[in-house]
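Visitor: this one's sequence-less:
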DNA sequence: CACCAGGCAAGTA
DNA sequence: TACTTGCATGGT
C-alpha cells in the first residue's frame, strides 16, 4: 500500500467494516441516478462543486428538449446550452466543458458509448483527463458509473470522512487515495459503485462543513479513540 | 446576510 | 511544486 507511515495501523478489512455499516444504515443506492450512460456523463460534469438537486433541474430541461443524445446535443450552440443548464451554476463553464467532451466523444468514438467502453481502461482514463473540464473525479465517475469500469471515485466527502477516522492523509493527492481504496478492496464493480454512493450519502446527511451532525453519523462508533 | 455544494482550470511566485 | 482565484445558481 502506498500511504505514508503515519497510517500504518490500518488493517485490511476496516474499509469493509465501514462499507457494511453504511450499507446497513442507508441501504443500497443503485447509482448513478440517470437513465443512460450519456446522461450519467452529462450529470457528472454538471454536478461539479454543485448540489445534485440543482443538477436534476438542468437534466430535466435537457430531457424535455430531447437533447440528452450526443449527436443532438452537438447541434445546439454553447450559449444555448448554457441557458438551459443555468440552474446548476457555472453554466458558461459547464457548457464549454460539455462541448469539449462532445467534440472528444465524436472525434474518438463516433459518439458511441460501446466503442468508448471497448477502449482499454488506462488509455481511456488518460484520454478523459486530457479533455478540458474533466478532472480526476469526473473522469472516474464516468468510468465507474457510465462505463462500468472498476475505478474508485474520490471526492471531498471521502477525504473529510476517512481522514477524520485517521485512515487517510487528507492532503494526499487524488491518485494516492484512489489507489489506497482500490488496493484494499475486492475489485468488484458493485462494491466500488455502492461504496462511493454511500460515502456521498453520508457526506450529504452528516458531514457538511456547515452542519456536521457527527453525533448522528452511522460511522461515529468507528471513530478512533482520542487518547 | 454569509456561506456552502458529489471540481476544475488558469494564473502567480 | 504550492498556493490563489474565477466560475454562479439555489438552499440554509
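Guide: Alright, I've got the coordinates. Owing to the predicted nature of the structure, the values given are computational and were not obtained by experimental measurement.

Visitor: where does pLDDT dip in chain A?
Guide: By pLDDT under 70, the low-scoring segments of chain A are A:1-13, A:226-227.

Visitor: for DNA strand B, what are the nearby residues on it?
Guide: A:31-33, A:43-44, A:47-52, A:54, A:89-90, A:93, A:131-139, A:141, A:145, A:155-157, A:200, A:203-204, A:208-210 (CB under 7 Å from any atom of the strand). Yep, even glycine has a C-beta here, placed from its N, CA and C like the rest.

Visitor: again, only this time at 6 Å
Guide: For chain A, the residues in contact with DNA strand B (CB under 6 Å from any atom of the strand) are A:32-33, A:47-52, A:89-90, A:93, A:132-138, A:141, A:155-156, A:200, A:204, A:208-210.

Visitor: SS state for the residue positioned nearest the centre of chain A?
Guide: The C-alpha lying nearest the average C-alpha coordinate of chain A belongs to residue A:141 (CA atoms, centre = their mean; 3.9 Å). Counting by DSSP: H, G, I helix; E, B strand; the rest coil, the backbone at residue A:141 sits in helix.

Visitor: which ones are touching it?
Guide: By CB atoms under 8 Å, 6 or more residues apart in numbering, the residues touching residue A:141 are A:32, A:40, A:44, A:153.

Visitor: sorry, back to before: out of the residues of chain A next to DNA strand B, which are buried?
Guide: For these, a burial check counting by 16 or more other CB atoms under 10 Å picks out A:32, A:47-48, A:89-90, A:133-134, A:136-138, A:141, A:155, A:200.

Visitor: just those: which are in helices?
Guide: Among those, the residues falling in helices (DSSP state H) are A:136-138, A:141, A:200.

Visitor: out of these, which one sits closest to residue A:166?
Guide: Distance to residue A:166, by CB to CB, is smallest for residue A:200 among those, at 21.1 Å.

Visitor: check contacts around the residue nearest to residue A:73 when sequence neighbours are not counted.
Guide: Nearest residue to residue A:73 in three dimensions, chain neighbours excluded: residue A:67, at 5.1 Å (CB to CB, 6 or more residues apart in numbering). By CB under 8 Å, 6+ apart, the contact set of residue A:67 is A:73, A:76, A:84.

Visitor: quick one, phi/psi of the second one?
Guide: When read as degrees, to the nearest 10, the backbone of residue A:76 gives phi -100, psi 160.

Visitor: how close does it sit to DNA strand C?
Guide: For residue A:76, the distance to DNA strand C equals 17 Å [CB to the nearest atom of the strand, to the nearest Å].

Visitor: for residue A:38, same thing?
Guide: Noted for residue A:38: a distance of 22 Å to DNA strand C, by CB to the nearest atom of the strand.

Visitor: what strand or helix carries that residue?
Guide: Assessed by DSSP states H and E, residue A:38 sits inside helix A:37-46.

Visitor: how about residues contacting that helix?
Guide: For helix A:37-46, the external contacting residues (CB under 8 Å, 6+ apart) are A:32-34, A:55, A:58-59, A:62, A:68-70, A:73, A:85, A:88, A:94, A:97-98, A:101, A:113, A:133-134, A:138, A:141-142, A:145-147.

Visitor: going through these, which ones are buried?
Guide: Buried among these (16+ other CB under 10 Å): A:32, A:34, A:55, A:58-59, A:62, A:68, A:70, A:73, A:85, A:88, A:94, A:97-98, A:101, A:113, A:133-134, A:138, A:141-142, A:145-147.

Visitor: so residue A:192 is in contact with residue A:150, correct?
Guide: Yes. Counting by CB atoms under 8 Å, residue A:192 touches residue A:150, with 5.7 Å between them.
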